[in-house]
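*Asks:* Test case, fold it:
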Amino acid sequence: MSWYHWLARACVAASLGLAFLLVGACGAEEPEAPVLTIYSGRSEALVRPLIDEFSKLTGISVQVKWGDTAELAATIQEEGANTRADVFYAQEPGALGALQDRFIQLPATLLDRVEPQFRSPQGKWVGISGRARTVVYNTQKVKETDLPESVMGFTDPKWKGRLGWAPTNASFQVMVTAMRSVWGEEKTRQWLQGIKANAPKVYPNNTTIVQAVGAGEIDAGFVNHYYLFRFLQEKGEDFPARNYHPKNGDPGALVMVSGVGVLAASKKQETALKFVDFLLSSVGQQYFASQTYEYPVVKGVATQRLLVPLSQVQAPAVELRDLADLRKTLDLLRDVGVL
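*Replies:* Have a look, this model is predicted:
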């Protein structure tokens, strides 16, 4: 279904949700047309179309400061009560957890739309879309049965020169944080040292890893699940790469959420809550399912045919608050010599 058709079908429901939020949870409409400022760790290419659609549907002007999630979180910390941000839209939950004392309590009308595992236990932020860490592999060079159940298996010397990773990528760092939570510091260090000993090729991001796997430059790489689907859309299902989800609660199958928080220092909190409402509406959730191939966090949204259902991903039992400690992860990565 095209963007136009599913948008047309969903916009009525979204409008009703916006109206309810305006009258019920947020009180009276602000007297002047506001300009909403979003600090976004999500890339412009991914979410700009959705933000523009929000502006068209509501008449609310939006200014976006694009950047790395961790850097934007640090900026908000530095700006303190003088921050220009009304909304922080983070790529991963670690930064949201680190900043949650600067967020307002979100209304139950928003929080209750998603499962508890996809929102702050304190109600300070809410997940918008889900992303699974996965192993992308070349189907012409590797059989799925050749892949280990745990990412720890990739430390085997037989994988030397065959792997790719992106240690500077925020999602990779969150995965390592999950490893520290599930495995402990020492086993995580062993994994990093073992992969490093296998001389993996270093890439700047997930896209280049998937591209390298498809080209046969490497046999496998550690990425987020949805990057593969962009290549399948562009090049067709003959593209020689597929995703593999490690088994048995392995941290290599971590499910993360992107999410948003509304700044307590903002003078436009009512408008900010309308934006959160829009992201959780049928319009917003179908956009992520259909356009970026992420997992919707609201039930009843159709997903891509080849996408493994989230219920079948054997993700580790990690509390989102346990993913907030990125500082020690960065320290470990530097100590091992990965960064």
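*Asks:* List the buried residues of the helix or strand containing residue 330.
*Replies:* In this structure, residue 330 sits in helix 326-336 according to DSSP states H and E. Within helix 326-336, the residues that count as buried by 16 or more other CB atoms under 10 Å are 326, 329-330, 332-333, 336. All C-beta spots, glycine's among them, are computed from the backbone N, C-alpha and C.
*Asks:* Out of those residues, flag the one nearest to residue 134.
*Replies:* residue 329 (19.4 Å; CB to CB).
*Asks:* How about that closest one, nearest residue that isn't a chain neighbour?
*Replies:* residue 177 (4.6 Å; CB to CB, 6 or more residues apart in numbering).
*Asks:* ok, the one you found to residue 299 distance?
*Replies:* With distances taken as CB to CB, to the nearest Å, residue 177 is found 28 Å from residue 299.
*Asks:* same thing with residue 135?
*Replies:* Distance from residue 135 to residue 299, by CB to CB: 28 Å.
*Asks:* Compare those two and say which one has the larger neighbour count.
*Replies:* The residue with more neighbours, out of residue 135 and residue 299, is residue 135; 24 against 9, by other CB atoms under 10 Å.
*Asks:* For that one, which residues are in contact?
*Replies:* Residue 135 is in contact with 147, 151, 154, 220-223, 243-246, 252, counting by CB atoms under 8 Å, 6 or more residues apart in numbering.
*Asks:* could the buried residues of helix 326-336 be laid out in TSV, adding pLDDT?
*Replies:* TSV is the format used below for these (pLDDT from 0 to 100):
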residue	pLDDT
326	80
329	92
330	92
332	96
333	97
336	96
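*Asks:* what phi and what psi does the backbone show at residue 251?
*Replies:* phi -60, psi -20 (degrees, to the nearest 10).
*Asks:* how many other residues sit next to it?
*Replies:* 26.
*Asks:* any idea of the pLDDT on it?
*Replies:* What the model reports for residue 251 is a pLDDT of 95.
*Asks:* now residue 1
*Replies:* pLDDT, read off for residue 1, is 42.
*Asks:* again with residue 29
*Replies:* Residue 29 is given a pLDDT of 45.
*Asks:* give the contact list for residue 335.
*Replies:* residue 189.
*Asks:* Ok, residue 211 next?
*Replies:* Residue 211 neighbours (CB under 8 Å, 6+ apart): residue 231.
*Asks:* For the residue positioned nearest the centre of the chain, give the beta-bridge partners.
*Replies:* The centroid of the chain falls nearest to residue 258 when counting by CA atoms, centre = their mean (3.7 Å). According to DSSP bridges, the partner residues bridging residue 258 are residue 129.
*Asks:* Hmm, it is touching residue 128, no?
*Replies:* Yes - if you go by CB atoms under 8 Å, residue 258 and residue 128 touch, sitting 5.3 Å apart.
*Asks:* any common contacting residues for the two?
*Replies:* residue 89.
*Asks:* Wasn't residue 274 part of a strand?
*Replies:* No - according to DSSP: H, G, I helix; E, B strand; the rest coil, the state of residue 274 is helix, so it is not within a strand.
*Asks:* count of neighbours near it?
*Replies:* Residue 274: 25 neighbours (other CB under 10 Å).
*Asks:* How far off centre is stretch 298-316?
*Replies:* Distance of stretch 298-316 from the chain centroid (CA atoms, centre = their mean, to the nearest Å) equals 14 Å.
*Asks:* residues of that stretch that come out buried?
*Replies:* For stretch 298-316, by 16+ other CB under 10 Å, it's 298, 301, 303, 307, 310, 313, 315-316.
*Asks:* and those as JSON lines, adding secondary structure, pLDDT and distance to residue 206?
*Replies:* Formatted as JSON lines, the buried residues of stretch 298-316 follow (DSSP: H, G, I helix; E, B strand; the rest coil; pLDDT from 0 to 100; distance: CB to CB, whole Å):
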{"residue": "298", "secondary structure": "coil", "pLDDT": "92", "distance to residue 206": "25"}
{"residue": "301", "secondary structure": "coil", "pLDDT": "89", "distance to residue 206": "23"}
{"residue": "303", "secondary structure": "coil", "pLDDT": "85", "distance to residue 206": "19"}
{"residue": "307", "secondary structure": "coil", "pLDDT": "86", "distance to residue 206": "16"}
{"residue": "310", "secondary structure": "helix", "pLDDT": "84", "distance to residue 206": "19"}
{"residue": "313", "secondary structure": "coil", "pLDDT": "91", "distance to residue 206": "17"}
{"residue": "315", "secondary structure": "coil", "pLDDT": "91", "distance to residue 206": "18"}
{"residue": "316", "secondary structure": "coil", "pLDDT": "93", "distance to residue 206": "20"}
